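1. Below are the sequence and a predicted model for it; my questions follow.
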Amino acid sequence: MKFVVLFFLLFSSILQGQELSLSNTLPLNADRFIGVDQYNHLYFLKNRILHKQGTDGNFVFNDLQLGRITSVDIINPLKIVVFFQDTNTVVLLDNKLNEIQRINFNMTSPFLNIGAATTAGNNSLWIFNLDSQQLELYNYTQRTKKTVSQPFSGQLISMVSNFNYCFALTPNKLRAYNVYGSFLNEIQVSNYDAVVQENANIVLRKDNTLHLIVDFSLQKSKKLSEPIPLNLPEMNIKDLHLSKELLYIYDGKILHTFKLTLPNKN
């Protein structure tokens, strides 16, 4: 009987969601909040210009000829990945937002038409090939690519990565791959419109609600946790970022920082 009561209490707490504690708020005038890197530098977009602010100073990057910035990956602050889908180009930046290298995928052989580009490590990028609808690893030093996934059904909504994993969100599925090109896991989803990650942990956005999946990169043969709702005060979730167990939520005016305590899976 005691076991039944304990199980019921545990199951009820999961259904109720994971608690978050607010640790900081900061007024921010930005078109898009990008994130906070491991050195606590803040990144955002304003008037098509990338800004970096922190203890090392304030830096900016812009190249209006490349069009609007589609995405910025700050997982490696020494080699920031800026993707311009309008011109099919990636620009790599150093920690002062100086250009290191420019990769024009219109000039690759064969031509690559990409819809997303994020960090993969080892002089490589995760890219999503729009023509084949497949996830690929592109080594920009050797100018070679490796196909990782089968063709996706449905539009790529969001893609995030780190040095070990890549997570791809489509209208019906969230998939995980490792840097060796192995498929790790997938889950059926519906109506999620954004994903952020830290290590192997995932936060998904649906309208103005968030759900957590712990260790989504587990091999498919192992049991995967169901998405856990995150208990938030009522707010507009415009942009979000996850770093060092801190969840950053930008509502369009204020940057809210929440402490996220991951549930114990044991």
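-> Happy to help now that I have it.
2. just checking, what's the longest strand in the protein?
-> Secondary structure of the chain per DSSP state E: the longest strand is strand 18-27.
3. Mind giving me the packing neighbours of that strand?
-> Here strand 18-27 touches strand 228-231, strand 254-260, going by 3 or more Cβ pairs under 8 Å, 6 or more residues apart in numbering; DSSP states H and E. Glycine gets a C-beta too; all of them are placed from N, C-alpha and C.
4. Can I get it as PDB, trimmed to CA atoms?
-> Extracted in PDB, the C-alpha atoms of strand 18-27 (Å, rounded to 0.1, in the frame of the first residue of the first chain):
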ATOM      1  CA  GLN A  18       8.800  20.800 -13.100                       C
ATOM      2  CA  GLU A  19       9.200  23.900 -10.900                       C
ATOM      3  CA  LEU A  20      11.400  26.800 -11.900                       C
ATOM      4  CA  SER A  21      12.800  29.500  -9.700                       C
ATOM      5  CA  LEU A  22      13.300  33.000 -11.000                       C
ATOM      6  CA  SER A  23      16.900  34.200 -10.400                       C
ATOM      7  CA  ASN A  24      17.100  37.400 -12.400                       C
ATOM      8  CA  THR A  25      15.400  39.800 -14.700                       C
ATOM      9  CA  LEU A  26      17.000  42.300 -17.200                       C
ATOM     10  CA  PRO A  27      15.400  44.900 -19.400                       C
END
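5. where does that strand sit relative to the chain's centre, distance-wise?
-> 20 Å (Cα atoms, centre = their mean, to the nearest Å).
6. And stretch 49-61, by the same measure?
-> In terms of Cα atoms, centre = their mean, the centre of stretch 49-61 is set 20 Å apart from its chain centre.
7. go on, stretch 93-108?
-> On Cα atoms, centre = their mean, the centre of stretch 93-108 falls 20 Å from the chain's centre.
8. Now do the end-to-end distance for it.
-> 20 Å (Cα to Cα, to the nearest Å).
9. Ok, stretch 150-170 next?
-> 13 Å.
10. how much space between Q101 and N162?
-> From Q101 across to N162, the span is 20 Å (Cβ to Cβ, to the nearest Å).
11. Who has more neighbours out of these two?
-> N162 (21 against 12; other Cβ atoms under 10 Å).
12. show me the contacts for the residue nearest to the more buried one when sequence neighbours are not counted.
-> Once flanking residues are discounted, N162 sits nearest to I75: 5.2 Å by Cβ to Cβ, 6 or more residues apart in numbering. Contacts for I75 (Cβ atoms under 8 Å, 6 or more residues apart in numbering) come out as T118, T119, S161, N162, F163.
13. Would you mind giving these as TSV with secondary structure, pLDDT and distance to L174 added?
-> Below are the contacts of I75 laid out as TSV (DSSP: H, G, I helix; E, B strand; the rest coil; pLDDT from 0 to 100; distance: Cβ to Cβ, whole Å):
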residue	secondary structure	pLDDT	distance to L174
T118	strand	97	15
T119	strand	96	19
S161	strand	94	13
N162	coil	91	16
F163	coil	89	20
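14. the strands in the stretch 151-266 of the chain, which residues?
-> 158-161, 165-169, 173-178, 183-188, 194-198, 201-206, 209-213, 228-231, 239-243, 246-250, 254-260 (DSSP state E, counting those that start in this stretch).
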